[in-house]
Each structure stands twice: as C-alpha cells, then as structure tokens.
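Peer 1: fold the following, please.
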Amino acid sequence: MPFHIPPALHHRKFRLLWLGLLISITGSQMQVSAIHWHIRELTGTPNPLALGFIGLVRILPIILFSFISGPVADTWNRRAILFVTQTLQALIAVSLAVLTFTSHINIGLIYLLTAFQAATMAFDMPARQAMLPSIVPARDLPNAYSLQSIAFNGGAIIGPMLGGIVIASLGQGYTYLINAVSFIAVLVALGMIGKVDQDASLSSGINPRAMWEGIRFIRTKPIILSTMILDFAATFFASANTMLPIVARDILKVGEVGYGLLLSAQATGSVLAGLVISQIHVIRRQGMIFLLAVVVFGVATVLFGISPVFILSMLALMVMGAADAVSTIIRNTVRQLNTPDHLRGRMVSINQVFFQGGPQLGEVEAGIIGQLFGVPAAIISGGLGAILAVWWIARRWPELIRYDSHESLSMDLAAK
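Peer 2: Numbers count the residues shown, from 1 in each chain. Predicted coordinates for the structure are as follows:
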C-alpha cells in the first residue's frame, strides 16, 4: 500500500497546531519522565509510594477544576484559553529548572508544581479537544485523532530518550528548561492559526446548571458513557509507567539511558499503530476493535510484569502502546462524533476525570500494591484487572460490541 499524506494534514489550521504540539509534547514528556526519575533520586531508596503519590497530586486538581473547565471551554474562546494554559505550563517548567539549578528543589515542591500544572491541564484539554472538530471536517476527524496520537507518542518516544541523555550528561535541571522552551512552538502555532469558529450561542454560561447539562448528556449516551468507564478501569489497573524507575534501576539493572528507552518503548508502539491507522480511510466495527485493543493492552501488561529481560520488557511495552493507541483513536472519535459543538467542552472536561483519573489514581494503587507485595505484583495484577474490566463492560453495554460509527455517521448525514 503506497504511503499518502494523511487527509487531516491538508487542513492548514490543524497542520500548524499538530506541528506545534509535536514539539511541545516532546518537551512535556521529557519533563514527566524526569520528574519520576528525580523523585527516585531524592528518596535515595526504592519507594513506590513516593512515586505513586505523584498520580494523586496530578488527578486532584483535574477533578476539582473539571467542573468549571468544561463550561469555560464552551463559553470562552478556546484558542485564547490555550494561549493562557500553554504559557502557564511554560512558567511552571521554568520554576522547576530554577529550583533545581539553585539546589532548592525537594519532593514537596515537585508535588506542588505538578499540582499547578495539572490545574492548567484541566482547562487545556477541554479547549484543545473541543476545538479540533472546528478545524477538521467530520470525515477527517478519525484521521486527525490518529495524527494526534502520533504527535503525543512521537513526543513520548523522543522526550524520555532525550531526557535520559540530558540527565546523564547535563543534569536534571536542563530537562525542565528544555521543556519550557518547547512551549514556544505551540504558542507560535496558535498565533498563526488565526480565528477559529466556535458555536457558543447555545452555551449556558459558567454555572452549575451548565455542568449538569454535560453530565446529563453523557448519561443519555451509552456509547460515550461505556467508553469512559472502560477507559478509567483499564488505565486504573494497568498503570505501569510510574513504577518504571524501579523496574529500570532495581529489577532490570539499567541506568538513565535504559530508563529512557523503556519509557519510549510504549510510545514507539503507539506511533507505529497511529501511522497504520492514518493510512486507513474507513475503520469499521469500532466497538469490537476498541474492546479487543484493551484486552491486548492487559495481556501485554501482564507480560511486562513477569519479564526479567530488558528486550522482552521493551517488546511488551511496545505492544501496550500500540493497543492503547488503537483504543484512544477510536474512543476519541466516537465521543466527538456523538457530541454537539456547544457541549464538546463539557464532554471532554468530564471525560478527562475518567481518562486522567484512571492512570493517576492507578499510580497510587500501583504504589500501594508495590509497597506491600512488590512492583511485579502491582503490574501483573493491573493487567489482569484491565482484562476483567473489558468483560464487565461488554456484559453491561453489549451495544458497544456492535457499534459502528461509520454507519451512524452515514445515517446522520442522510438524515440531514
């Protein structure tokens, strides 16, 4: 099959945003991996709870602010919101760099600044995701999400690998400084995009009633609700990434560079899967593919948990990444195609409690189990939990197995 330029990249505004995010995400992923390594270094000994607690620090601000970030994204200009959130994240990265360079950094300050960053992300994600259907037509939306997956995971490959090299050669503080500089790319892209159309005429403003409208809408859409719950359950049980510093240093006996390679392995699999999907014009039977992808993710997690060999661990993480990319692309497309524009910000803000809450609270769960029974037990039990979650969701919402959004979209267009 000859390679062709993905359709979504033919749209100028999306192309600019995608390139800016690719650079910015690379820096952000470098910082995420660097923070985990930094905590491991500051504790001095393997401490799963200290690493797991970072998940709690990240999710609490998201849960708190998601109740207003959705109405904000549906009422205020989404592009302007992104200017503010991206600038604040750059300043947080600068703060981490300065504190590290001056030797004033400690675990408490890392937790505090991570919480501030999570608060900005609570507003960033709804605005960014809700803006996407305004710059890409519905027919190219699945392709746009596959490219977003490539951007995120491409950054997740380069960022951790580069982060390991930077930590080993220059020092921890430079990872934060490079991340701060990377935000310039997305800010420039937002400036070049220009005006983005937004339907705010039906917005209920920023109040409790507006948020309740979003919750009520999701409750009436079993396809959206079921994907959200499965997303939460699978990522809650299969959060292996936070334990990677201990796996790399204390189980597989590799250093900073090996740690960076392990972190990038999952993203490598995601990028490969995203590239394949970007070349496919139509994906059929999305519900079944979505469920199977989560099962594969769980099986690969179990394999990673029992692996004592670096290469096998890398392969297991790559399969996890590929499966996660497939499920992410499908569930994002399903949700956006089934949500009207004036509710998209609220849908995404509620959704981020699920897809952010799963892995972040899962990090706490993995830390507790890792502390009590060992890190391998935490990872293996998580993979099994993800598989059981698929079984329960399929029984509770059997319509998800039969779901085909292409047919649904075709019927909607015919009705119009």
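
Peer 1: when you work out contacts or count neighbours from here on, use the C-alpha atoms and nothing else.
Peer 2: OK.

Peer 1: tell me where the model's unsure across the stretch 1-150 of the chain.
Peer 2: Counting by pLDDT under 70, the stretch 1-150 of the chain has low-confidence residues at 1-3, 46-48, 52.

Peer 1: how about 50 then?
Peer 2: In the predicted model, the stretch 1-150 of the chain carries pLDDT under 50 at residues 1.

Peer 1: that one: helices as residue ranges?
Peer 2: Here the stretch 1-150 of the chain has its helices, by DSSP state H, counting those that start in this stretch, at 12-43, 48-75, 78-101, 107-135, 141-169.

Peer 1: convert the C-alpha atoms of the third one to PDB, please.
Peer 2: Output of helix 78-101 as PDB, limited to C-alpha atoms (Å, rounded to 0.1, in the frame of the first residue of the first chain):
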ATOM      1  CA  ARG A  78     -11.000  28.100  23.100                       C
ATOM      2  CA  ARG A  79      -7.900  29.400  21.300                       C
ATOM      3  CA  ALA A  80      -7.400  32.100  23.900                       C
ATOM      4  CA  ILE A  81      -7.700  29.600  26.700                       C
ATOM      5  CA  LEU A  82      -4.900  27.600  25.100                       C
ATOM      6  CA  PHE A  83      -2.700  30.700  25.000                       C
ATOM      7  CA  VAL A  84      -3.100  31.100  28.700                       C
ATOM      8  CA  THR A  85      -2.700  27.400  29.700                       C
ATOM      9  CA  GLN A  86       0.400  26.800  27.500                       C
ATOM     10  CA  THR A  87       2.000  30.000  28.800                       C
ATOM     11  CA  LEU A  88       1.400  28.900  32.500                       C
ATOM     12  CA  GLN A  89       2.900  25.500  31.800                       C
ATOM     13  CA  ALA A  90       6.000  27.100  30.400                       C
ATOM     14  CA  LEU A  91       6.400  29.200  33.500                       C
ATOM     15  CA  ILE A  92       6.000  26.100  35.800                       C
ATOM     16  CA  ALA A  93       8.700  24.400  33.800                       C
ATOM     17  CA  VAL A  94      11.000  27.400  34.300                       C
ATOM     18  CA  SER A  95      10.300  27.300  38.100                       C
ATOM     19  CA  LEU A  96      11.300  23.600  38.200                       C
ATOM     20  CA  ALA A  97      14.500  24.400  36.400                       C
ATOM     21  CA  VAL A  98      15.400  27.400  38.600                       C
ATOM     22  CA  LEU A  99      14.700  25.400  41.800                       C
ATOM     23  CA  THR A 100      16.800  22.500  40.600                       C
ATOM     24  CA  PHE A 101      19.700  24.700  39.400                       C
END
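
Peer 1: so what does it touch, helix or strand wise?
Peer 2: helix 107-135, helix 172-193 (3 or more Cα pairs under 8 Å, 6 or more residues apart in numbering; DSSP states H and E).

Peer 1: now the longest one: buried residues?
Peer 2: When burial is assessed from 16 or more other Cα atoms under 10 Å, helix 107-135 yields the following buried residues: 110-111, 113-135.

Peer 1: Ala127 and Arg79 touch, don't they?
Peer 2: Yes. Using Cα atoms under 8 Å, Ala127 is in contact with Arg79, at 7.3 Å.

Peer 1: and the gap between Val364 and Phe237?
Peer 2: Distance, Val364 to Phe237, using Cα to Cα, to the nearest Å: 10 Å.

Peer 1: Ala34 now?
Peer 2: Distance from Ala34 to Phe237, by Cα to Cα: 23 Å.

Peer 1: compare those two (neighbour count), which wins?
Peer 2: Phe237 (29 against 26; other Cα atoms under 10 Å).

Peer 1: can you count the residues close to the closest residue in space to the more buried one that isn't next to it in sequence?
Peer 2: For Phe237, ignoring the flanking residues on the chain, the nearest one in space by Cα to Cα, 6 or more residues apart in numbering is Gly382 at 4.0 Å. By the criterion of other Cα under 10 Å, Gly382 has 29 neighbours.

Peer 1: Gly382: helix or strand, and which one exactly?
Peer 2: Assigned by DSSP states H and E, Gly382 falls within helix 375-396.

Peer 1: so what touches that helix?
Peer 2: For helix 375-396, contacts defined as Cα atoms under 8 Å, 6 or more residues apart in numbering pick out 48, 226, 230, 233-240, 243, 246-247, 291, 294-295, 297-306, 366-367, 369-370, 400-401.

Peer 1: and with 6 Å instead?
Peer 2: 234, 237-238, 240, 295, 298, 301-302, 305, 366, 369-370 (Cα atoms under 6 Å, 6 or more residues apart in numbering).

Peer 1: which of these has the weakest pLDDT?
Peer 2: Least confident of the contacts of helix 375-396 in the model: Ala240, at 61.

Peer 1: re the thing from before, quick one, the helix holding Gly382 and helix 48-75 angle?
Peer 2: Relative orientation of helix 375-396 versus helix 48-75 (axes from the mean of the first three to the mean of the last three Cα atoms, to 10 degrees): 40 degrees.
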